[in-house]
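Engineer: missing the sequence, but the structure's below:
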Ligand code: R5P
């Protein structure tokens, strides 16, 4: 049995191929047949001692069942160490029961994935009150990769005068990316204050001393879903006289309606990483994942 293999779940062929090339590792697709009754038949061709399953967990409900079946098929084929490479990790946002009877989905999904995998590698998991992946997956090795360097590199490519650009985080949670990107570019940084009143109702405010007028603004955030956060931020920044507003996000979870909404609010362009397949993808995460999953790190488990 070979030492290392990447197994790509449906729809992941292209990013998994990029990862396999970056790691110089063989890659195989996991075949999934969906029966008319909605059930799935999952078939893996072969396993390696260490097998990495590539599966980004956006729109996760159906994917989770097929991932469980793939993990068990690969174990049956002899995989001793199963690694999940999930550039986007689902269900990380609900880390508490806000009303009696609500499932704490982060904990439940965390335990489930922990049972299937020995190691989980992801990019910018959306953690809030629970601060580390170790708490979510107590018995599993985990790596959370920061995408801030990739966002900074893209701004360097698309902006002719980075030092005069303004990096804006739309809420307090985005502060760490906004500051990291601004630091790398030597640019200034502003973080807005956000109040979320509901799924589709967000308001943001700017501190009095922030100078936005005439600036080329880059909004940076981990996720865009309904697009409300970036739309509210773009409206506010535009009304304060910004010259041009673009946004860079890690995980593009939004649909066309949200896309139109954000552009109408004043966003000229939106760029995303390919952690989730999306028309706005402009940044490949394969080098980051390859680094985290490098053969050197896995070597001790492959012999
Ligand atoms: C919030 O904490 C996140 O960083 C994002 O700002 C949020 O998830 C974006 O969601 P939406 O696009 O639905 O406003």
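Structural biologist: Nice, thanks for sending it over. As the structure is a computational prediction, the values presented were derived from the model and not from experiment.
Engineer: For this protein, just list every one of the helices.
Structural biologist: 13-23, 60-76, 105-116, 133-136, 148-158, 175-185, 228-239, 256-264, 286-292, 295-302 (DSSP state H).
Engineer: show me the contacts for the closest residue to residue 29 other than its chain neighbours.
Structural biologist: In space, residue 29 comes closest to residue 8 once its chain neighbours are excluded; the distance is 5.0 Å by CB to CB, 6 or more residues apart in numbering. Heads up, the C-betas are built off the backbone N, CA and C, glycines and all. Counting by CB atoms under 8 Å, 6 or more residues apart in numbering, residue 8 makes contact with 16-17, 27-30, 54-55.
Engineer: Please apply the same query to residue 270.
Structural biologist: 224, 230, 246-249, 252, 259, 262, 280.
Engineer: So which of those belong to strands?
Structural biologist: 224, 246-249, 252 (DSSP state E).
Engineer: Find the pair from the residues you listed with maximum spatial separation.
Structural biologist: Based on CB to CB, the longest span within those runs between 246 and 252 and measures 14.0 Å.
Engineer: what's across from the closest residue to residue 52 other than its chain neighbours in the sheet?
Structural biologist: Distance criterion CB to CB, 6+ apart; nearest residue to residue 52, sequence neighbours excluded, is residue 83 at 4.4 Å. Beta-bridge pairing of residue 83 under DSSP bridges involves residue 52, residue 119.
Engineer: Go ahead and confirm residue 83 touches residue 53.
Structural biologist: Yes - using CB atoms under 8 Å as the test, residue 83 is close enough to residue 53 to be in contact (7.1 Å).
Engineer: shared neighbours, the two?
Structural biologist: residue 117.
Engineer: what about the protein, any weak spots by pLDDT?
Structural biologist: In the predicted model, the chain carries pLDDT under 70 at residues 1-2, 295-303.
Engineer: just curious, which of the contacts of residue 8 is nearest to residue 134?
Structural biologist: residue 55 (21.0 Å).
Engineer: who in the stretch 51-200 of the chain is up against the ligand?
Structural biologist: Residues of the stretch 51-200 of the chain lying close to the ligand (CB under 6 Å from any ligand atom) are 170-171, 173-174.
Engineer: can you put the residues you listed in a markdown table and add neighbour count?
Structural biologist: A markdown table is the format used below for those (neighbours: other CB atoms under 10 Å):
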| residue | neighbour count |
| --- | --- |
| 170 | 28 |
| 171 | 19 |
| 173 | 17 |
| 174 | 24 |
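Engineer: Most widely separated two among those residues?
Structural biologist: 170 and 173 (8.9 Å).
Engineer: Just want the most central residue of this structure.
Structural biologist: residue 88 (3.7 Å; CA atoms, centre = their mean).
Engineer: what residues are up against it?
Structural biologist: 56-58, 122-123, 251, 253, 275-276.
Engineer: If we use 6 Å, what do you get?
Structural biologist: Applying CB atoms under 6 Å, 6 or more residues apart in numbering to residue 88 gives the contacts 56-58, 251, 275-276.
Engineer: List buried residues within the residues you listed.
Structural biologist: 56-58, 251, 275-276 (16 or more other CB atoms under 10 Å).
Engineer: which of the contacts of residue 88 lies closest to residue 203?
Structural biologist: residue 251 (22.8 Å).
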